[in-house]
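> Kindly generate the corresponding structure for this input.
(chains A and B)
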Protein chains: 2
Amino acid sequence: MSNKDGRKRVIITNVGPQVEEGRLPARRAIGESIVFSADIFGDGHDSVAASVIYKYESDQFWEQIPMQFIINDRWEARWTPDKIGLYEYRFTGWVDHFTTWKKGLVKKFEAGQDIAVELKIGAEILREAAGLTSGENASLLAGSADSLITATDPQWAVDLAISDDVANTVSTIRYTDRTTVFDHTFELEIERKKAAFSSWYELFPRSASSQPGQHGTFRDVINLLPKVAKMGFDILYFPPIHPIGEMKRKGKNNSLTPSDTDPGSPWAIGNRLGGHKAVHPELGTIEDFVELVENAKKLDIEVAMDIAYQCAPDHPYVKEHPQWFKWRPDGTVQYAENPPKRYEDILPFDFETQDWENMWQELKSVIDFWIEKGVNVFRIDNPHTKAFGFWQWLIGEVRKSHPQVLFLAEAFTRPRVMERLGKIGFNQSYTYFTWRNSKWELEQYMNELTKTDQQYYFRPNFWPNTPDILPHHLVEGGENAHITRLILAATLSSNYGLYGPVYEYGVNTPHPGKEEYTDNEKYEIKQWDWDRYSRTREIITRINTIRKQNTALQTTWNIEIAETDNDMVMCYLKSDPAQNNALLIVVNLDYFNTQGAHIKVPLHLLGIRYDQPYAVSDVLSGEKYYWQGEYNFVQLNPYEMPAHIFKIETLN
Amino acid sequence: MSNKDGRKRVIITNVGPQVEEGRLPARRAIGESIVFSADIFGDGHDSVAASVIYKYESDQFWEQIPMQFIINDRWEARWTPDKIGLYEYRFTGWVDHFTTWKKGLVKKFEAGQDIAVELKIGAEILREAAGLTSGENASLLAGSADSLITATDPQWAVDLAISDDVANTVSTIRYTDRTTVFDHTFELEIERKKAAFSSWYELFPRSASSQPGQHGTFRDVINLLPKVAKMGFDILYFPPIHPIGEMKRKGKNNSLTPSDTDPGSPWAIGNRLGGHKAVHPELGTIEDFVELVENAKKLDIEVAMDIAYQCAPDHPYVKEHPQWFKWRPDGTVQYAENPPKRYEDILPFDFETQDWENMWQELKSVIDFWIEKGVNVFRIDNPHTKAFGFWQWLIGEVRKSHPQVLFLAEAFTRPRVMERLGKIGFNQSYTYFTWRNSKWELEQYMNELTKTDQQYYFRPNFWPNTPDILPHHLVEGGENAHITRLILAATLSSNYGLYGPVYEYGVNTPHPGKEEYTDNEKYEIKQWDWDRYSRTREIITRINTIRKQNTALQTTWNIEIAETDNDMVMCYLKSDPAQNNALLIVVNLDYFNTQGAHIKVPLHLLGIRYDQPYAVSDVLSGEKYYWQGEYNFVQLNPYEMPAHIFKIETLN
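Residues are numbered from 1 along each chain as shown, chains lettered A, B, ... in the order given. Now for the predicted structure:
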């Protein structure tokens, strides 16, 4: 911090939120509040005052939010932005001579000291303030200054000095001469509400046919839309829909020896018919896809597209832009590998190519192409295997012209790498939730995600399963585990998703020795009877309805873990005070046994007195209980329902 | 981080140490090591490499320190600078294609795959490296490239690829094209050794006379120097030695009604005879003072001067520079106050004066004046009541021409304020040690000081007492408390100090209801019989000798708390592996009772096996014990000696 003017005595430090020390913007969605904080102090015993000033990128003038003193020189201000796009914010602080004087005046007056000279000093302070403003404010301050001097009753003068009128007017003055402005201007990006609250459903369009043995089409998916809508999902996500490579194609269960009829993996993108801007002919046409997108929109469902920047060996790019790939001395293109494993059906782009600028532009044009077709949500496949600088540029450029576009990072990798992807612009990220099972793990993880600065750049999207991941507990815990993990995902995180219909039907046979589905849909076409009853689907439907009806479930940052006396029973509060919506969620983490626990209701966070009865209505079961005090007993049988979602109603 | 070149794939983040996000330098003293750290990673599965580059401010070329991978994308490098002054350092990282290739080669070879193409790829990598260097290195790399291709024995080729010769040579190559350089250059200020290791003794020169009733003089202090040296102190610090204000002078015990003979407080600086550049006539002349400084130097003692930037009402500044003070409407100068308390004998400078530039220059000229008289250590009185920007400028300017000058901040105030003073340049700071008594408090405080980034800007100086502070435990705990607190101060912190001779003689009568000495030397002249025996002084002498003989006690950052099973017994390891010096210190915190405890010796930090006997020699008592294993029993009687200082000797 450099203060060219030695008279600026206030220090501002340890400001938050900071993403990469302010090099990258913090992020929030519409409706979510941000807490600005900083250590702010001056020398000596003078009072200080502080504010955050902000402006929308394209605005000219800065607005001011007063900061409140918390403790130990820490100041905070909470604010809820209301416009999508980029804001800028700065921290300011100044020595507050008026408050210093006022406090001293009161103490001296109460100690019986003569305050005549003090009143004159106060009048000088108010006159200075009057000179820095105009109109009514100036008149009020100048008038008060005169009154302080002419007052005959010291008590009356003190009352005037401490009046709200004077304080509020002084608080609007900007003492530019002696105000420290923190030397960095921070950015805050505001996303649309869907970034914060979304329910994803993933299916393979080629498995959408109602006719056994038939390749599903976009038209088949249009027929399924009402069923997806009925379940309550609002994002329908497809694996890649492009022509599938014919060279080095994989067979069932990732085999190297496919039969002639094997359809191949949709992630092996491109063949003689086209690449990332084409659709696989058996799915239909681009026009069919656009129709699907439009039909979905009518049911409040957005279609999310999978972007996997990689090529099958017969992708047109390989011939058209050979310089974008790494060539081996034997004249072949370098395939993906993790030695000694080889993935010969997939050629990665070489992000160290000298021709990187053209490659970046072409890859961006893929996104532009699909935005033009009506897609506003992209699930990015393995972003951590492409250069970070590329994503930062790509997302920044896309969002400049299309701020509504959202990117979900499918990176299951090391923590620092996942965090970085969030920092450089991904709106949502897959997470470690998939493998967090015990109460301790889940509580630690939720606190890490929501109580640290991660909340300003890493927005979790919880998936109990994906086509790549069938976690052990879904194998062992069967239907009960599917239901429990769904409830956890959908109530711990305001963004969650499922890969179905395997999930609803409890398909859970693993590939031997692996955490994967056997006979995986990635390599073969399935056919599902959507009319078959599923208890899991029924509960999914209920949960999605509850999510829509309770604003407390529409942001992730408002979780407060509550104590229980049983390690198999987890409890947490989600609340939205503005909407008077508070849910206390209790989950039995044991998929096989009934578990009971005393839970400690965080009454202090709910504003409920210890002697005050309150009602808890289980919005899952419809049951209602009357409680009083902190500790209450609950019992959950996983074969009936593994969770309570208690809506809390204060009684008077 | 901005990468103009899209081919730079490595991310560097969360770098340390950072003081104010790199706005201010980190600090270390000669002989102290610094640990550079950062999260460094690339996309995908390629290996990365990283280094810190540094240069001394005035040097032209950057030196390179390779960083080591620790865990979870964290990299570190430890370095010990050897020159006083300012260094710059930067973080760099790059994708390490050679290591990626080498690892893959070995795995493929071990899996029995054909590596002919791989060897050609390796040859290309080595040829590129050869092209980026010259001389022997280039020849070695080009030769190795050829050998990889012509090799007939794959095992021989793999052995060449993984040889240290090749690895070491490749590690010297700078791949400028694809190396990420963190976008901020950090500063590191190296101080002289005294900043890290000093033993302070404070006395009032006016109490130095051996004749009762006489005003002590600088010449009297010269006579005391051998006694101070014998105790082992190396900094002798005096309260202000300037003319004392005669207007509003305070009497005994801070009374407002002094007698004609009361000498006044030395901190009420200035009268008609002069101000901050004059000496109080009864102490002697400036020449006497210079002689004292020179005599002290011969005994390896530095004289530290008190700088209190404030004025008695009759200080010449008030008439010469009235614009540097705040004037009240009644025509008087604003005195210091903490309403309703008034300190009418002290006028603060007004750091918001329009004439601040001239005032800053004049205040700096005070320091320059005394540096010219041979003073290199300044204890700054209440720096937190003067503008932070002023100190940052003052210390920076002084140290530019006099890098040997050290500043101790006497700020007993809020944590953020104390930290800030350290950050802006104070080399040492008074601390909360004075009030940290329980084991838990002391352990927490030591970890805060030494295990966080505070170690890079806040250097503690532990004082058990000062003329302003007689803590309760010294009153209640008597001589035992004096000895225990001395041992703690001198072994927990490599910088410590005492205010004597009250300390040695256990003077501990408090002013009623206050944490202060009654009949305080601040307001009256004392006379001490330096020849009277003092057990405390004997132990001070021993402790100072131990500090000089054991390098482990000459830095503060190397402490490791060890467990004990008794809350009244504290144990900590101080070690200097480079000098093979390790001390295990055990202190009984109970001033009245013998306490025993099992202490857990941190054998893993000492490189001692669990089955290996070792000797512990108490350098305080001369006793020696033979121990084995982690848990050992100790017992300490505070009336004999409240501590063990065990020197640990490994036996084989």
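
> For A:S134, give its distance to A:V170.
Plainly put, A:S134 is 15 Å away from A:V170 if you go by CB to CB, to the nearest Å. No exception for glycine: its C-beta is placed from N, CA and C like everyone else's.

> Likewise for A:G478?
Taking CB to CB, one finds A:G478 at 67 Å from A:V170.

> Compare the two (neighbour count), which wins?
A:V170 (25 against 14; other CB atoms under 10 Å in any protein chain shown).

> tell me the contacts of the more buried one?
A:V170 makes contact with A:98, A:126, A:129, A:141 under the criterion CB atoms under 8 Å, 6 or more residues apart in numbering or on different chains.

> I'd like the distance between it and A:A142.
12 Å.

> Quickly list what's touching both of the two.
A:L126.

> any chance of the contacts of A:V170 in CSV, plus pLDDT, neighbour count and distance to B:R547?
Formatted as CSV, those follow (pLDDT from 0 to 100; neighbours: other CB atoms under 10 Å in any protein chain shown; distance: CB to CB, whole Å):
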residue, pLDDT, neighbour count, distance to B:R547
A:F98, 97, 24, 51
A:L126, 97, 26, 58
A:A129, 96, 25, 56
A:L141, 97, 26, 61
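
> Out of these, the closest to chain B would be?
Of all these, chain B sits closest to A:L126, with 13.3 Å by CB to the nearest CB.

> which ones are touching the residue nearest to the spatial centre of chain A?
Geometric centre of chain A, nearest residue: A:R459, 2.9 Å, by CA atoms, centre = their mean. The contact partners of A:R459, by CB under 8 Å, 6+ apart, come to A:27, A:195-196, A:422, A:427-429, A:495, A:556.

> So which of the contacts of A:V170 reach chain B?
Checked against chain B using CB under 8 Å from any CB of the partner chain, the contacts of A:V170 yield no neighbours at all.

> strand partners of the helix or strand hosting A:K574, parallel vs antiparallel please.
Following DSSP states H and E, one finds A:K574 within strand A:569-576. Using DSSP bridges, the strands paired with strand A:569-576 in its sheet are strand A:559-562 (antiparallel), strand A:581-588 (antiparallel).

> Between those, which one is closest to A:H384.
strand A:559-562 (26.6 Å; CB to CB).

> Check the offset of the closest one from the chain's centre.
Offset of strand A:559-562 from its chain centre (CA atoms, centre = their mean, to the nearest Å): 17 Å.

> what kind of secondary structure is the residue lying farthest from the centre of chain A in?
Most distant residue from the mean C-alpha position of chain A: A:T152, 60.4 Å away (CA atoms, centre = their mean). Look at A:T152: counting by DSSP: H, G, I helix; E, B strand; the rest coil, its state is coil.

> Please report how far it lies from A:A116.
Distance from A:T152 to A:A116, by CB to CB: 11 Å.

> what's the spacing between A:N580 and chain B?
Here A:N580 is placed at a distance of 37 Å from chain B (CB to the nearest CB, to the nearest Å).

> Around chain B, which positions in the stretch 101-250 of chain A sit nearby?
So the stretch 101-250 of chain A meets chain B at A:103-104, A:107-108, A:110-111, A:113, A:117, A:120-121, A:124, A:178, A:183 (CB under 8 Å from any CB).

> Please convert the buried members of these into PyMOL selection syntax.
In PyMOL syntax, the buried subset of these is picked out as below (16 or more other CB atoms under 10 Å in any protein chain shown):
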select buried, chain A and resi 103+104+108+113+121+124+178
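
> Mind putting the residues of the stretch 101-250 of chain A next to chain B into a markdown table with distance to A:I525, secondary structure and pLDDT?
Formatted as a markdown table, those follow (distance: CB to CB, whole Å; DSSP: H, G, I helix; E, B strand; the rest coil; pLDDT from 0 to 100):
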| residue | distance to A:I525 | secondary structure | pLDDT |
| --- | --- | --- | --- |
| A:K103 | 77 | helix | 96 |
| A:G104 | 82 | helix | 95 |
| A:K107 | 82 | helix | 96 |
| A:K108 | 87 | helix | 95 |
| A:E110 | 85 | helix | 95 |
| A:A111 | 88 | coil | 94 |
| A:Q113 | 91 | coil | 93 |
| A:V117 | 91 | helix | 95 |
| A:K120 | 90 | helix | 96 |
| A:I121 | 86 | helix | 97 |
| A:E124 | 85 | helix | 96 |
| A:R178 | 73 | helix | 89 |
| A:D183 | 60 | coil | 94 |
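
> partners of the longest strand seen in chain A, with directions?
Longest strand in chain A, counting residues (DSSP state E): strand A:85-95. Using DSSP bridges, the strands paired with strand A:85-95 are strand A:48-56 (antiparallel), strand A:179-181 (antiparallel), strand A:186-191 (antiparallel).

> could I get those as JSON lines with mean neighbour count?
JSON lines is the format used below for those (neighbours: other CB atoms under 10 Å in any protein chain shown):
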{"stretch": "strand A:48-56", "mean neighbour count": "21"}
{"stretch": "strand A:179-181", "mean neighbour count": "20"}
{"stretch": "strand A:186-191", "mean neighbour count": "22"}
